[in-house]
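J.: structure for this input, please:
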Amino acid sequence: MGFGDLKQAAGLKVLNEFLSERSYVEGYVPSQADVAVFDALSGAPAADFVHALRWFNHIKSYKERSSLPGVKKPLGQYGPSGVADTTRGSAPVAKDDDDDDDDMDLFGSDEEEDAEAEKLKAERIAQYAAKKTKKPALIAKSSILLDVKPWDDETDMKKLEELVRSISMDGLLWGQSKLVPVGYGIMKLQIGCVVEDDKVGTDILEEQICAFEDFVQSMDVAAFNKI
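T.: Numbers count the residues shown, from 1 in each chain. Now for the predicted structure:
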């Protein structure tokens, strides 16, 4: 598996096609897998590679990429199967000096190698057939910016943010936050999050955030963007 040479158009094409069906290199959140592939690029992909460019700009927005979860593996361990890993040298093919030239088998005469080759061929045929019959569904995600307003200027905003971040559910990832003045010494909490559309909606977020009624007066959606 692998993407090939990501500094060449061919490698970027493989990466672009790979990201057309997923948001990240592995899983549903940014990780060290994305960092490994990001670091292998020489720069932003051309506009023709729309999916790769979208992913590149998203990963680039993380200033502390070393803090993303996961363990960084060799580049060749990421990407679609069936693509040669050009990040390391290939082992030379062994030559059998005892083979008769008249009976030369271009695919190798060793029974063990033949069995492995047949197994690999069968797996690739099965993968191709599965891809033809059922294309994986895209996971729709959105980036949301929320405004959470307290009751007054005496509200403990640090505690308010802790309560908001304590909300945990499948398909929800909290992001950066800041305090924004609204007047008369009152500050509101502006906090971002990424949600999976099928699992988390703004109505659920509003219900759970406003449940902290001793701290929260109201919640509004300041920005909503599809990823």
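J.: report all helices and strands that the lowest-mean-pLDDT helix or strand in the chain contacts.
T.: Ranked by mean pLDDT, DSSP states H and E, the weakest helix or strand in the chain is helix 111-133, scoring a mean of 79. Applying 3 or more C-beta pairs under 8 Å, 6 or more residues apart in numbering; DSSP states H and E, we find helix 111-133 packed against no helix or strand. Using the backbone N, CA and C atoms, a C-beta is placed for each residue, glycine as well.
J.: quick one: buried residues of the helix or strand just after that helix?
T.: Counting by DSSP states H and E, the next helix or strand C-terminal to helix 111-133 is strand 141-150. Buried residues in strand 141-150, counted by 16 or more other C-beta atoms under 10 Å: 141-150.
J.: check stretch 49-56 too.
T.: Quick answer for stretch 49-56 (16+ other C-beta under 10 Å): 49, 51-53, 55-56.
J.: the strands in the chain, which residues?
T.: 141-150, 172-183, 186-196, 216-226 (DSSP state E).
J.: pLDDT weak spots in this protein?
T.: Residues of the chain that meet the criterion pLDDT under 70 lie in 1, 82-112, 132-137.
J.: the spatially most central residue of it and Lys188, how far apart?
T.: Nearest to the geometric centre of the chain sits Tyr24, at 1.5 Å (C-alpha atoms, centre = their mean). Distance of Tyr24 to Lys188, computed by C-beta to C-beta, to the nearest Å: 31 Å.
J.: equivalent analysis for Ser142, please.
T.: Counting by C-beta to C-beta, the gap from Ser142 to Lys188 is 21 Å.
J.: same check on Gly11?
T.: Distance, Gly11 to Lys188, using C-beta to C-beta: 46 Å.
J.: so what's the residue count around Asp156?
T.: 12 (other C-beta atoms under 10 Å).
J.: leaving out chain neighbours, which residue sits closest to it?
T.: Excluding the flanking residues, the one nearest Asp156 by C-beta to C-beta, 6 or more residues apart in numbering is Phe215, at 7.2 Å.
J.: what count of nearby residues applies to that neighbour?
T.: Neighbours around Phe215, by other C-beta under 10 Å: 20.
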